[in-house]
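Q: No sequence on hand, only this structure:
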């Protein structure tokens with residue numbers, strides 16, 4: 001099992017230098033197919049019988065994991081048959097969950113080629129490829145037509161994209177009239193600048209935080225109305241504390257945690273320690289928010 005993957009640089013419409021840094025970062029840290037299969041076997045699960053539920057302890061990197069994805073889907077009132085886009089889909093855990101539990105039809109967009117390939121492979125592994133599909137692409141140039149989706153979901157993406165107007169403009173563009181944008185995002189907190197490394201950034205060039213109020217004001221200008229809101233900063237802090245304990249225990253036995261290699265587990269422990277401090281000192285805020293498209297973003 002290894003995460004020593006070199007991200008192949010292939011031009012992607014909408015990609016930026018910051019995006020390439022972020023894509024390479026997640027390619028190093030993300031779950032691999034080999035890592036997933038090894039973790040499944042270690043739990044006595046036959047690969048050919050594995051389900052989406054069996055992967056969910058491995059395939060979600062966002063704070064709160066499975067519980068957070070379920071909470072966001074509930075806030076968005078996800079329904080059977082809806083067309084849903086997961087922007088920044090990673091290895092596909094949330095998309096598979098929303099399809100498997102709610103019966104939605106999912107597309108995922110992921111900038112990293114290797115991570116996107118892992119998402120496709122893991123989805124085929126658990127036999128959900130007819131409900132969940134993935135494209136390599138940039139959130140700044142979503143490869144879908146206008147109004148294609150009932151719901152757009154984004155978890156822990158915006159904080160690593162500097163071009164906020166373009167990012168959210170694309171999300172709104174692909175929403176149909178009355179569509180829902182469901183966010184589970186990380187925002188700048190009131191406690192001062194965050195300490196690095198962050199989960200998504202080893203240095204400031206990779207990070208582009210803004211406050212929740214700034215984000216919400218932008219979306220209002222784009223014709224979206226805020227509905228349900230939930231601050232999950234405290235849960236995020238507890239999530240990192242639990243992960244830190246699990247990673248420390250694994251490393252004490254010279255083992256990796258959550259299907260990752262020892263080296264990647266060491267890197268993730270370092271960022272988890274920093275993230276926990278930033279959340280404890282309110283340098284970061286984590287929140288879920290659901291917005292509904294109420295008018296065209298170009299309307300006066």
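A: Thanks, I have it. What you are looking at is a predicted structure, and each value in this text was computed from that prediction instead of being measured.

Q: Doesn't residue 194 belong to a strand?
A: No: applying DSSP: H, G, I helix; E, B strand; the rest coil, one finds residue 194 to be coil, outside a strand.

Q: Can you list the strands that the lengthiest strand in the chain pairs with?
A: Longest strand of the chain, by residue count under DSSP state E: strand 175-188. If you go by DSSP bridges, strand 175-188 pairs up with strand 149-155 (parallel), strand 284-293 (antiparallel).

Q: Could you identify which of those strands is most buried?
A: Mean neighbour count (mean count of other Cβ atoms under 10 Å) peaks for strand 149-155 among the strands paired with strand 175-188, with a mean of 25. C-beta coordinates here come from the backbone N, C-alpha and C atoms, glycine included.

Q: distance between it and the chain's centre?
A: When distances are taken as Cα atoms, centre = their mean, to the nearest Å, strand 149-155 is centred 12 Å away from the chain's centroid.

Q: neighbouring contacts of that strand?
A: Applying Cβ atoms under 8 Å, 6 or more residues apart in numbering, the contact partners of strand 149-155 are 62, 68-69, 72-73, 76, 78, 82-88, 94, 98, 104, 107, 139, 171, 174-176, 179-185.

Q: Can you list the low-confidence ranges for the chain?
A: When residues are selected by pLDDT under 70, those of the chain lie in 1-10, 297-300.

Q: could the strands paired with strand 175-188 be laid out in TSV, adding distance to residue 56?
A: Shown next, in TSV, are the strands paired with strand 175-188 (distance: least, Cβ to Cβ, whole Å):
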stretch	distance to residue 56
strand 149-155	14
strand 284-293	18
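
Q: still on that earlier bit, can you point out the buried residues in the longest strand of the chain?
A: In terms of neighbour count (16 or more other Cβ atoms under 10 Å), strand 175-188 has its buried residues at 175, 179-188.

Q: With distance to residue 23 as added columns, please give these in a markdown table.
A: Below are the buried residues of strand 175-188 laid out as a markdown table (distance: Cβ to Cβ, whole Å):
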| residue | distance to residue 23 |
| --- | --- |
| 175 | 25 |
| 179 | 27 |
| 180 | 27 |
| 181 | 23 |
| 182 | 23 |
| 183 | 21 |
| 184 | 20 |
| 185 | 19 |
| 186 | 18 |
| 187 | 22 |
| 188 | 23 |
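
Q: Quick check: the farthest pair among the residues you listed?
A: The most widely separated members of these, counting by Cβ to Cβ, are 179 and 188 (27.1 Å).

Q: quick revisit: tell me which of the strands paired with strand 175-188 lies nearest to residue 210.
A: Among the strands paired with strand 175-188, strand 284-293 comes nearest to residue 210, with 10.6 Å by Cβ to Cβ.

Q: Run the chain-centre distance for that closest one.
A: From the chain centre to the centre of strand 284-293 is a distance of 14 Å (Cα atoms, centre = their mean).

Q: Repeat that for stretch 32-39.
A: Centroid separation for stretch 32-39 versus its chain: 19 Å, with Cα atoms, centre = their mean.

Q: before we move on, what about stretch 52-67?
A: Offset of stretch 52-67 from its chain centre (Cα atoms, centre = their mean): 11 Å.

Q: For the stretch 201-300 of the chain, which segments count as strands?
A: For the stretch 201-300 of the chain, strands defined by DSSP state E, counting those that start in this stretch occupy the ranges 224-231, 284-293.

Q: wait, I meant the stretch 51-200 of the chain
A: 83-87, 105-110, 132-136, 149-155, 175-188.

Q: Between strand 105-110 and the third one, find me the angle.
A: Looking back up the chat, that one is strand 132-136. With axes from the mean of the first three to the mean of the last three Cα atoms, to 10 degrees applied, the angle from strand 132-136 to strand 105-110 works out at 20 degrees.

Q: Before I go, just wanted to say thanks for your time.
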